[in-house]
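Asks: quick one, fold the following:
(chains A and B)
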Amino acid sequence: MHALDKWIKEQSISRAQLAKNLNISLASLSRYLSGDRIPKQSIMQKIVTETDGNVNPSNFYTTKTKNIIYNDYNQDHLLGIEGLEPSEITSLLDRADEIIKDNRIEPTINYKYKGRTLVNLFFEDSTRTKTSFELAAKRLGMDVINMQIETSSIRKGESLLDTAMTLNAMKPDILVIRHSLSGTPHLLANKVNCAVINAGDGQHEHPTQALLDALAIRRRKKKISGLEIAICGDIAHSRVARSNIKLLITMGAKVKVIAPTTLLPQGLDEYGAKTYTNMKEGLKNTDIVMILRLQHERMQGAHIPSAKEYFKFYGLDRTKLSFAKENALVMHPGPINRGVEIDSELADDINRTLILEQVELGVAIRMSVIEHLINNLDNKKFDITNEK
Amino acid sequence: MKNNLKNKIAFTNARLIDPHSGLDELGDLLIENKEIKAIGKNLFYDSSPDNALKIDCKGNILCPGFIDINTHLREPGEEHKENINTASESALAGGITSLVCMPDTQPVIDQIPIIEFIKKRARETNGVKIFPAASITKNLEGNQLTEMGLLMEAGAILFTDANKTIKNTKVMKQALTYAKNFNLLIMVSPQDYDLSLNGVMNGGALASKLGLPGISKVAEIIQVERDLRLLENTGGRIHFSNITTHESMLAIEQAKNIGLKVTCSTAPHYFALNEKAVDDWKTFAKVFPPLRSENDRKSIYKSLVDNKIDIISSHHSPQDQDSKRLPFEQAEFGIAGLETLLPISLDLHFNGCMKLIDLIDKITNQPAKLLNLDTGKLKINSPADLTIIDINHSNKIRLEEMKSKSKNSLFDQYNYKGKILCTIVDGRIVFKSSEFKC
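Replies: Alright, predicted model coming up:
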């Protein structure tokens, strides 16, 4: 018998009464008791308080719950890092860590989500992100549909909502979207019933990239809080930078941004990031150096005079890296412009860079995100059915 | 001669407000044959007027009908967004009896036949009075001047390239110089072309956060300063519409002080809202020029209260659903504004301590003065274009009740005080609210 059931009997109250005291539905309580679901942290605390510690969290982890994730993520979608709580980010990172552990011991395909569908809706070219999502979904046994929408037509957004509604009618579970215009995933999320993952929108956010970067940092440095992290390059046009700045500051890191003034956006202080225009000053005492890709079209005079000049002052080489801490690590979201933002030989030094590890962790983080979202999707459906 | 009941109306017990003469007191007013015939206290004391329709205003405000100098009618070309009939109904419901329509239609109002077309459609509609503005340059391209003299003769009341600015400084200089020949009014919505190119909202921290390309406020300031410098050199008249920044106001004030013939206007959304309305990519808040920071909003509000901004215009820019239900960068600019012109502006009176007569001045007498119109005042033998307002009536703006064909307003559910009860154009009652009995 479940410890909580035992306690209920001892107290001679009903399950319904307890559910009422905990301010949850009877259906949810039944699921906790049957082991189909693990209470969230907030509810767990209530249970411990209510039972004066007679029931503790370990009572809820049984063999049956092995495949169930500990879920502190409270959102229906992953549209950005903005607005996420540290506990939510931690939940996503923790699960990814577990997945990596499992995968390294027993790298088999899990049929957990057989019959579930993930749609990759990419309005912008992408190799890494798209394949990473595809692989993550396939490792979870999902069906994957890849849609590459031609971006050449001038008014590409014209049929955007129609496309989304058509896809929605096919009832996918997860919709992964990348679009060159900021806010597009939010627009779609309001119109569809499935969970939406933002795989990069314009110059706004790229949350899974920031999550995998955070995971890479946490695995190497064992923490994020308290680290000094420098982000260098085209901050103004980078969604990766925006997501990373938000995430790292939320998790308690000290974030420094280093870029020429033409590539710095307005209002960075509002996030709590410190800005530098000089690599030597900015890299001082840094644990992690994140280098961003510089888009080709921005190198020819509009934002910086030339790639050569950029590399001289902002390209990362061993001399500039020596200004950082002795054991500082280098990260880059890829693809790399060798000799523009980073020295080619340095980029290949596996002792100093995390570049390939970032790619590997991308699959785990995306599996974690998918699991959390499907879990929430199921709980939502479950709650709705029970309310009826 | 027998008086016809239809063309004679006696308004009694009205709070007459006329910014032109400074009148604000209880009185009566008589209109006959499209014109105002008598104004005064106890006009009908001894003898009630024969054969006249009598309207007891019950102490409500009777003032000149409003004149809106910045309306986008969307006809010809985009009738699915708005047409002259729906715009007319919308204007009349908002107490507006005359409006200036912008030339950025399809085709552009840059030739006499298009002016003729608008005038014909206005006659057919027989509602709000429409004064077409013609473009300064052919097809709004900023290169060649239109036939300004001929267009003026055909009925163009002013010249503007609407939301577009003339990029080429030399062309702008020529336009100002040539306009002086006929004492034409040039109107500019100032925004530096290159600095505002591709921008969709106010440049700043919020734009950075949302990942949207911003339009720096410098874009507006630079254009105001450039055109004022040109005006100093060429002479002539200029009107800046859609002023949104503190620094533009400073430049305009300075120019007025040295005697340049410059006036300016803004629209309700620029003093009622700030850029935060855009948060979450709300495309209804996408307007051109963009909603600015809170500091600029406050500054524009104060400039109105301090009487530094001459006119409030609606900047009515209807957009249909399909033009707004898009990713923010692809959505069209614009907010529907005819029916919210007075309700939003009244905040200046209720919360900004602006005298009612001064507020009404900015939507009646000042635009009339700018355009040399005979209307916009309570004056004997002036056209009987009038509005009756119940200043104490509290209500909520409801989008579904708006008469504009497109209902892209940000002011849904906005609580306001001051309702238009009745609108009269050329002595005809053309709008009556359900509350108004006569």
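Asks: which residues touch residue A:275?
Replies: Shown in contact with residue A:275 (CB atoms under 8 Å, 6 or more residues apart in numbering or on different chains): A:256, A:257, A:258, A:259, A:264, A:268, A:269. Any C-beta I mention is one placed from the backbone N, CA and C, and that applies to glycine too.
Asks: which among the residues you listed are in contact with chain B?
Replies: residue A:268 (CB under 8 Å from any CB of the partner chain).
Asks: contact residues of the stretch 1-150 of chain A facing chain B?
Replies: So the stretch 1-150 of chain A meets chain B at residue A:82 (CB under 8 Å from any CB).
Asks: ok, whichever residue of the stretch 1-150 of chain A sits closest to chain B - contacts?
Replies: Closest approach between the stretch 1-150 of chain A and chain B, counting by CB to the nearest CB: residue A:82, at 7.6 Å. Residues in contact with residue A:82 (CB under 8 Å, 6+ apart) are A:205, A:246, B:209.
Asks: helices of the stretch 201-350 of chain A, residue ranges please.
Replies: A:207-221, A:239-250, A:279-283, A:307-314, A:318-321, A:344-347 (DSSP state H, counting those that start in this stretch).
Asks: and chain B, which of the ones you listed is closest to it?
Replies: Of all the helices of the stretch 201-350 of chain A, it is helix A:239-250 that lies closest to chain B, at 6.2 Å by CB to the nearest CB.
Asks: what about the closest one, near chain B?
Replies: Yes - contact of helix A:239-250 with chain B is found when judged by CB under 8 Å from any CB, involving A:239, A:242.
Asks: just the angle between that helix and helix A:207-221, please?
Replies: In terms of direction (axes from the mean of the first three to the mean of the last three CA atoms, to 10 degrees), helix A:239-250 departs from helix A:207-221 by 50 degrees.
Asks: give me the contacts around helix A:239-250.
Replies: Contacts with helix A:239-250, where a contact means CB under 8 Å, 6+ apart, come from A:80-82, A:84-86, A:89, A:200-207, A:209-211, A:213-214, A:224, A:229, A:231, A:233-235, A:255, A:257, A:268, A:271-273, A:290, A:292, A:333, B:208-209, B:211.
Asks: next one: stretch B:392-403
Replies: B:86, B:89-90, B:93, B:336, B:339-340, B:343, B:407, B:409, B:411-419, B:435.
Asks: stretch B:169-179 now?
Replies: With contacts defined as CB under 8 Å, 6+ apart, stretch B:169-179 is touched by B:136-137, B:142-145, B:148, B:159, B:166, B:185-186, B:226-227, B:230-231, B:233-238.
Asks: which of these are buried?
Replies: B:136-137, B:142, B:145, B:148, B:159, B:166, B:185-186, B:226-227, B:230-231, B:234, B:236-238 (16 or more other CB atoms under 10 Å in any protein chain shown).
Asks: those in strands, which ones?
Replies: B:159, B:185, B:186, B:237, B:238 (DSSP state E).
Asks: can you pull the contacts of the residue of the stretch 1-150 of chain B found nearest chain A?
Replies: The minimum distance from the stretch 1-150 of chain B to chain A, using CB to the nearest CB, falls at residue B:80 (15.0 Å). Residue B:80 makes contact with B:320, B:405, according to CB under 8 Å, 6+ apart.
Asks: one more pass at 7 Å, please.
Replies: residue B:320 (CB atoms under 7 Å, 6 or more residues apart in numbering or on different chains).
Asks: that one in helix, strand or coil?
Replies: Three-state call for residue B:80 (DSSP: H, G, I helix; E, B strand; the rest coil): coil.
Asks: next, count neighbours for the closest residue to chain A within the stretch 101-250 of chain B.
Replies: Among all residues of the stretch 101-250 of chain B, residue B:205 sits closest to chain A, at 2.3 Å; criterion: CB to the nearest CB. Counted by other CB atoms under 10 Å in any protein chain shown, the residues lying close to residue B:205 total 18.
Asks: just the element for residue 88, please.
Replies: The chain I'm using is chain A. helix A:86-105 (DSSP states H and E).
Asks: sorry, should have said chain B
Replies: According to DSSP H and E, residue B:88 maps onto helix B:84-93.
Asks: if we can go back for a sec, neighbour-wise, which one of the contacts of residue A:82 leads?
Replies: Most neighbours among these, by other CB under 10 Å: residue A:205, with 31 neighbours.
Asks: so what's that one up against?
Replies: When contacts are counted by CB under 7 Å, 6+ apart, residue A:205 touches A:80, A:81, A:82, A:198, A:239, A:242, A:243.
Asks: re the thing from before, how far off centre is the helix holding residue B:88?
Replies: When C-alpha coordinates are averaged (CA atoms, centre = their mean, to the nearest Å), helix B:84-93 and its chain have centres 13 Å apart.
Asks: who's in contact with residue A:183?
Replies: Residues counted as contacts of residue A:183 (CB under 7 Å, 6+ apart) are A:201, A:204, B:210, B:281, B:327, B:328.
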